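A.B. asks: A structural model of the following input is requested.
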Amino acid sequence: MAKGYLAIVLHAHLPYVRHPECEKYLEEKWFYEALTETYIPMIDVFDRLVWDHVPFRLIFSISPTLLSMLADPLLQGRYVRHLEKLIKLSHKEEARTYGSPFHQAALLYKERFQRAYDIFVHQNQCNLLKAFKRLQDFGRLEITTCAATHGFFPLMMVNPQAVRAQVETAVNLHQKHFGSGPNGIWLPECGYTEGVDEILKEYNLKFFFTDSHGVLFAYHRPRFGIFAPIYCPSGVAAFGRDTESSKQVWSADEGYPGDPDYREFYRDIGYDLEYDYIKEYIHPDGIRTHTGMKYHRVTGKVDLADKQPYHPDWARNKAEIHAGNFLFNREKQVEHLAALMERPPLIVAPYDAELFGHWWFEGPLWLEQLIRKTASNENLQLITPSDYLNMHKCNQITKPCPSTWGNAGYNKVWLNEKNHWIYRHLHMAADRMNELADLFPQAEGNLRRALNQAGRELLLAQSSDWAFIISTGTMVSYAVKRTKEHLANFLRLYDDIKYCRIDEAFVSHLEWQNNIFPDIDYRSWRTRGDRYQKVVS
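C.D. replies: Here you go, the predicted structure:
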């Protein structure tokens with residue numbers, strides 16, 4: 001038996017951005033960039049490890065919005081066209097950079113884009129969910145879910161039916177695509193408050209994650225701190241994030257991504273090169289955008305103009321060194337903890353998946369090296385929370401502390417002077433959706449279609465991404481637009497349903513435009529009695 005365990009948790013999420021009416025939306029590139037730079041490289045790493053018979057177990061959380069985008073034929077087709085443009089650009093760059101310090105990087109991008117095309121189109125028929133399910137069936141990934149649209153639960157519990165609908169919709173979609181229900185859930189933004197775990201139990205979810213203080217400041221002090229799970233009174237387990245391992249990877253100042261040999265994110269040829277050369281590969285309206293081809297390295301805290309050329313070989317070597325350093329530190333951590341505990345300690349290291357590849361270009365390579373090194377290590381073993389709970393069924397019972405993993409550890413990022421205005425509208429809409437579900441317990445035909453679409457519009461408005469974007473001040477106009485549009489659609493549907501004047505053409509248009517969750521059931525919002533139930537007036 002190993003002295004201790006490491007649970008690496010990768011949370012893959014993007015807000016639902018799909019605009020069938022127009023291909024020009026900049027925000028759709030979030031999805032294409034994540035595919036090229038994170039999800040496909042990660043699948044490539046995992047497949048390579050399986051091929052080499054390297055044992056590993058990881059948690060991969062796929063949010064239902066991302067899952068829906070991965071399965072969408074419209075976005076799949078657009079992504080293929082996006083990749084084809086990148087491949088064409090990489091051939092031009094191979095010629096342009098010949099004889100310069102940037103040529104090796106240009107060759108690297110040419111190879112990566114072609115590899116991405118092969119994995120996406122030829123190996124998985126444009127649907128990466130096939131790859132994730134294959135890795136699940138091989139026993140390498142435990143795939144968990146998230147809330148349907150990443151709704152922020154601590155601010156939604158004023159109406160528990162709204163939280164239930166987020167969870168129920170997510171669990172049903174997960175089961176449809178992966179063949180069985182998920183064992184665990186990534187609470188959006190790691191946001192926990194009292195009562196959430198009782199709703200999770202209703203859907204047979206066995207565990208969730210909190211930030212460190214969610215477990216450390218539990219109602220009864222946890223005997224093993226964050227190095228073993230605690231059980232909520234409901235029986236659902238809470239796993240706390242390990243601060244040390246997270247900081248070592250997350251922090252751009254103290255962590256690995258800030259190393260001067262790694263690639264600089266902000267220098268991109270989409271901004272650096274002459275407009276006439278690059279115009280075919282940026283936004284059709286001439287807006288400069290990232291292409292993903294970046295030729296400079298971090299090289300310390302200096303102006304972007306002073307960045308030095310990127311050397312792929314240096315970066316690969318540094319990723320291997322950092323993987324060894326991370327493993328060494330976890331070994332020492334486990335060695336210290338094992339002397340204080342009656343059982344092998346568990347280190348939970350959760351990260352946003354987009355850190356690996358998108359923000360930290362060498363992240364997938366670092367992860368591959370870490371897995372290979374850990375596979376031959378006798379003291380530390382990679383496992384998942386389900387594995388740990390199967391080995392250690394008896395755990396302390398207590399109540400986690402309300403918490404998030406946002407700035408300062410509470411709700412400030414999602415409720416502040418910039419975004420507070422959205423919640424009175426979201427709460428009112430949730431109450432009205434609850435009212436409709438109770439008013440029409442067995443709807444059919446156009447009425448059922450309208451009720452289901454009202455549920456979709458509410459879920460899309462509840463996405464925590466819009467409040468986050470408004471709070472951080474990036475792409476604010478888009479976040480405000482999406483929030484208001486989905487609420488306006490919901491309110492019109494509510495009035496049409498309530499007063500028996502359903503406009504079938506309007507419903508059909510929304511079903512085409514916002515087609516997420518094709519199997520949604522409006523009855524997910526029906527009233528069910530519990531001690532957190534809010535009376536709907």
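A.B. asks: quick one: end-to-end distance for stretch 292-304.
C.D. replies: Taking CA to CA, to the nearest Å, stretch 292-304 runs 16 Å from one end to the other.
A.B. asks: which positions within that stretch qualify as buried?
C.D. replies: 292-299 (16 or more other CB atoms under 10 Å). Every residue, glycine included, has its C-beta placed from N, CA and C.
A.B. asks: would you turn those residues into CSV with distance to residue 75?
C.D. replies: CSV is the format used below for the buried residues of stretch 292-304 (distance: CB to CB, whole Å):
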residue, distance to residue 75
292, 18
293, 22
294, 24
295, 29
296, 31
297, 32
298, 32
299, 36
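A.B. asks: of all these, which two lie farthest apart?
C.D. replies: 292 and 299 (19.8 Å; CB to CB).
A.B. asks: before we move on, back to that, quick check, nearest of the buried residues of stretch 292-304 to residue 229?
C.D. replies: residue 298 (36.6 Å).
A.B. asks: please report how far that closest one lies from residue 448.
C.D. replies: Residue 298 sits at a distance of 54 Å from residue 448 (criterion: CB to CB, to the nearest Å).
A.B. asks: can you map out the helices along the stretch 201-350 of the chain?
C.D. replies: 212-216, 243-250, 269-272, 275-278, 312-338 (DSSP state H, counting those that start in this stretch).
A.B. asks: among those, which is the most enclosed?
C.D. replies: Highest mean neighbour count of these: helix 212-216, a mean of 23 (counted as mean count of other CB atoms under 10 Å).
A.B. asks: rounded mean pLDDT for stretch 153-162, please.
C.D. replies: Averaged across stretch 153-162, pLDDT comes to 97.
A.B. asks: give me the next element, helix or strand, following the helix or strand residue 161 falls within.
C.D. replies: Taking DSSP states H and E as the definition, residue 161 sits inside helix 160-178. Proceeding N to C from helix 160-178, the next assigned helix or strand is strand 184-186, under DSSP H and E.
A.B. asks: so how far is residue 455 from residue 449?
C.D. replies: Between residue 449 and residue 455 the computed distance is 11 Å (CB to CB).
A.B. asks: neighbour-wise, which of those two wins?
C.D. replies: Regarding residue 449 and residue 455, a neighbour count based on other CB atoms under 10 Å identifies residue 455 as having more, with 25 against 19.
A.B. asks: surely that one and residue 433 touch.
C.D. replies: Yes: applying CB atoms under 8 Å, one finds residue 455 in contact with residue 433, separated by 6.4 Å.
A.B. asks: shared neighbours of these two, anything?
C.D. replies: Listed as contacting both residue 455 and residue 433 by CB atoms under 8 Å, 6 or more residues apart in numbering are 165, 522, 525.
A.B. asks: residue 492 and residue 506 touch, don't they?
C.D. replies: Yes: because the distance of 7.1 Å satisfies CB under 8 Å, residue 492 is recorded as touching residue 506.
A.B. asks: restricting to C-alpha, output the strand ranked longest in the chain in CSV.
C.D. replies: Of all the elements of type strand in the chain, the one with the most residues (DSSP state E) is strand 4-12. This file holds the C-alpha atoms of strand 4-12, laid out as CSV (Å, rounded to 0.1, in the frame of the first residue of the first chain):
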residue,chain,number,x,y,z
GLY,A,4,-0.4,8.4,0.5
TYR,A,5,-2.6,9.3,-2.4
LEU,A,6,-2.9,12.2,-4.9
ALA,A,7,-6.3,13.1,-6.5
ILE,A,8,-5.8,15.4,-9.5
VAL,A,9,-9.2,17.0,-10.4
LEU,A,10,-9.5,18.7,-13.7
HIS,A,11,-12.7,20.9,-14.1
ALA,A,12,-13.5,21.5,-17.8
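A.B. asks: so what strands line up beside it?
C.D. replies: In the sheet containing strand 4-12, its partner strands are strand 58-62 (parallel), strand 346-352 (parallel), strand 380-382 (parallel), by DSSP bridges.
A.B. asks: mind checking which of these is nearest residue 411?
C.D. replies: Where the strands paired with strand 4-12 are weighed against each other on CB to CB, the nearest is strand 346-352, at 18.9 Å.
A.B. asks: and the angle from the closest one to helix 312-338?
C.D. replies: For strand 346-352 against helix 312-338, the angle by axes from the mean of the first three to the mean of the last three CA atoms, to 10 degrees is 140 degrees.
A.B. asks: just the angle for the worst-scoring helix or strand of the chain on mean pLDDT relative to strand 4-12, thanks.
C.D. replies: Evaluated with mean pLDDT, DSSP states H and E, the helix-and-strand set of the chain has its lowest mean pLDDT in helix 243-250, which scores a mean of 87. Here helix 243-250 points in a direction 50 degrees away from that of strand 4-12 (the same axes, to 10 degrees).
A.B. asks: what about the residue of the chain positioned farthest from its centre, which helix or strand?
C.D. replies: Of all residues in the chain, residue 99 has its C-alpha farthest from the mean position, at 40.0 Å, by CA atoms, centre = their mean. Under the assignment given by DSSP H and E, residue 99 is not contained in any helix or strand.
A.B. asks: how far away is it from residue 106?
C.D. replies: Separation of residue 99 from residue 106 (CB to CB): 11 Å.
A.B. asks: also residue 357?
C.D. replies: When distances are taken as CB to CB, residue 357 and residue 106 turn out to be 18 Å apart.
A.B. asks: do residue 449 as well
C.D. replies: For residue 449, the distance to residue 106 under the criterion CB to CB works out to 51 Å.
A.B. asks: residue 150 and residue 188 touch, don't they?
C.D. replies: Yes: at 4.3 Å, residue 150 counts as touching residue 188 under the criterion of CB under 8 Å.
A.B. asks: what sits in contact with each of the two?
C.D. replies: Any residue near both residue 150 and residue 188 by CB under 8 Å, 6+ apart counts here, and that gives residue 464.
A.B. asks: below-threshold pLDDT in this structure: ranges please.
C.D. replies: Segments of the chain classed as low confidence (criterion: pLDDT under 70) are 252, 300-302, 529-537.
A.B. asks: domains of it?
C.D. replies: In the domain annotation for the chain, the residue ranges read 4-71+127-249+342-354+374-408, 415-525 (automatic domain parsing).
A.B. asks: OK, contacts around residue 201?
C.D. replies: With contacts taken as CB under 8 Å, 6+ apart, residue 201 has the following neighbours: 234-236.
A.B. asks: wait, residue 461
C.D. replies: Contacts for residue 461 (CB under 8 Å, 6+ apart) come out as 425-426, 429, 482-483, 486-487, 490.
A.B. asks: same check on residue 76?
C.D. replies: Contacts for residue 76 (CB under 8 Å, 6+ apart) come out as 126-127.
A.B. asks: which element follows the helix or strand where it lies toward the C-terminus?
C.D. replies: If you go by DSSP H and E, residue 76 is part of helix 73-96. The element immediately downstream of helix 73-96 (helix or strand, assigned by DSSP H and E) is helix 103-117.
A.B. asks: just checking, what packs against the helix or strand following that following helix?
C.D. replies: Using DSSP H and E, the helix or strand that follows helix 103-117 in sequence is helix 129-137. Contacts of helix 129-137 with other secondary structure elements, assessed using 3 or more CB pairs under 8 Å, 6 or more residues apart in numbering; DSSP states H and E, are made with helix 40-51, strand 58-62, strand 141-146, helix 160-178.
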